[in-house]
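K.L.:
Provided below are the primary sequence and the corresponding predicted coordinates.
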Amino acid sequence: MRERRERSWKGVPKAVAIGMGLALALQIGWHAAQPPPVALAENLSPPPPSLVLRAASLGDPVVLSYALLLRLQAFDNQPGVSIPFKDLDYSRVIEWLNACLELDPVSQYPLLLAATVYAQVPDDVRRRQMLDFVYRRFLDDPIRRWQWLAHASVMARHRLKDLPLALKYAQAIADRAGDPSVPSWARQMHIFLREDMGEHAAAKILLGGLLASGTVRDPRETAFLMQRLEALEKAEKQPIAPKN
C-alpha cells in the first residue's frame, strides 16, 4: 500500500497563503459587522371557522377549547421574543376567546382570561374592549357568568374611573341574574354605585324596595341595608353647603 504524503504548508505559494488569509479576515470582518439577529413577533392569526374546529375536535370540543386557550395564553411568549399583552391585537384575541366559548359554552376559562388577564393591561382602550366582551358574553348566560361581569364592574369603577359604565354592568346583573344562586352583594352592586354617583334618591328607593320585597333573609345583611338606608335619608335631610 502506497503511503500518502501530505504536502507541508511551507510549500504553499506565498501569494496563495496571503490570499487565503485576506479571505478569512474579510469573512470574519463581514460577520462582525452584521447586526445581531432579531426575533420578530408573529401576528396572531384568526381562528379557524367554527365548523372546522368542531371537526378537528373529534367529538371532544371541551379538550380542544382548553388546548386553544392554553395556546392563546402562551402566544405572548414566542421563541426569542416576549410580546406585552398591550401590544396584542385585542380584536383577534376576542375572536379566539369567542371561538373557545363556542366549543365549550360552560367553560369559565375564556371569561377568566378576559377579566383577570387581558383586562389588566395599562391601556384603557384595550381594557374597554375586554370588559365589553365580558358584558356581551354575560348576556348569553347570566347565571353562570355573573361573577365576571361583577369583576368588570369593579374594573370600570376603579381602573377606568367610569361610574356610568360600572353601573351599566351592575344593573345588568340585577336585571338578568336574579337567581337565588347569585349572591345578594352582586345583585345589589348597582344600588351602591348609584349612591357613589350622588343619585341618593334612586338608591334610597331601590334599597327600600329590596327590603320590602322580603328577598333579603340574612339578619346581618338586613341590618347592613337598613344602615345604608338610614344614611341615605340623613344625607337627603342635610342642607347643601353654598358654593363659594
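P.N.:
Perfect, thanks for sending it. Residues are numbered from 1 along each chain as shown.
K.L.:
just the strands in the chain please.
P.N.:
Assigned by DSSP state E, the chain shows strands spanning 77-78, 81-82.
K.L.:
what about the nearest residue to residue 126 once chain neighbours are set aside, how many residues close to it?
P.N.:
In space, and not counting its chain neighbours, residue 126 is closest to residue 90: 4.9 Å by CB to CB, 6 or more residues apart in numbering. C-betas here are computed from N, CA, C, even on glycine. Residue 90 has 24 neighbours, counted by other CB atoms under 10 Å.
K.L.:
lowest average confidence, helix or strand, in the chain?
P.N.:
Ranking every helix and strand in the chain by mean pLDDT, DSSP states H and E puts strand 81-82 at the bottom, with a mean of 44.
K.L.:
surely the residue nearest to residue 126 is in contact with residue 118?
P.N.:
Yes - at 7.0 Å, residue 90 counts as touching residue 118 under the criterion of CB atoms under 8 Å.
K.L.:
list residues touching both of the two?
P.N.:
Jointly contacting residue 90 and residue 118 under the rule CB atoms under 8 Å, 6 or more residues apart in numbering are 126, 130.
K.L.:
quick check: the closest residue to residue 45 other than its chain neighbours vs residue 43, distance?
P.N.:
Closest residue to residue 45 apart from its sequence neighbours, by CB to CB, 6+ apart: residue 92 at 7.7 Å. Applying CB to CB, to the nearest Å, the value for residue 92 to residue 43 is 8 Å.
K.L.:
rewinding a little: per-residue confidence for the residue nearest to residue 45?
P.N.:
Residue 92 is assigned 93 on the pLDDT scale.
K.L.:
residue contacts, it?
P.N.:
Residues near residue 92 by CB under 8 Å, 6+ apart: 44, 45, 46.
K.L.:
is it correct that the last one is in contact with residue 94?
P.N.:
No - assessed by CB under 8 Å, residue 46 is found out of contact with residue 94, at 11.0 Å.
K.L.:
so which of the two has more stuff around it?
P.N.:
More crowded of residue 46 and residue 94, by other CB under 10 Å: residue 94, with 19 against 11.
K.L.:
list the contacts of the more buried one.
P.N.:
Going by CB under 8 Å, 6+ apart, residue 94 touches 114, 129, 130, 133.
K.L.:
determine which two of the residues you listed are furthest apart.
P.N.:
Farthest pair in the contacts of residue 94 (CB to CB) is 114 and 129. Separation: 9.4 Å.
K.L.:
how about low-confidence regions in this structure?
P.N.:
The chain contains residues with pLDDT under 70 at 1-42, 76-86, 205-207, 209-210, 213-216, 221, 232, 235-244.
K.L.:
please enumerate the helices of it.
P.N.:
Shown for the chain, the helices assigned by DSSP state H span residues 14-33, 50-56, 61-73, 90-103, 109-116, 124-138, 142-158, 163-176, 184-187, 189-196, 200-213, 219-237.
K.L.:
and the gap between the nearest residue to residue 150 once chain neighbours are set aside and residue 172?
P.N.:
Leaving out its chain neighbours, the residue that sits closest to residue 150 by CB to CB, 6+ apart is residue 186, at 4.9 Å. Residue 186 sits 11 Å away from residue 172, going by CB to CB.
K.L.:
try residue 87
P.N.:
Distance of residue 87 to residue 172, given as CB to CB: 31 Å.
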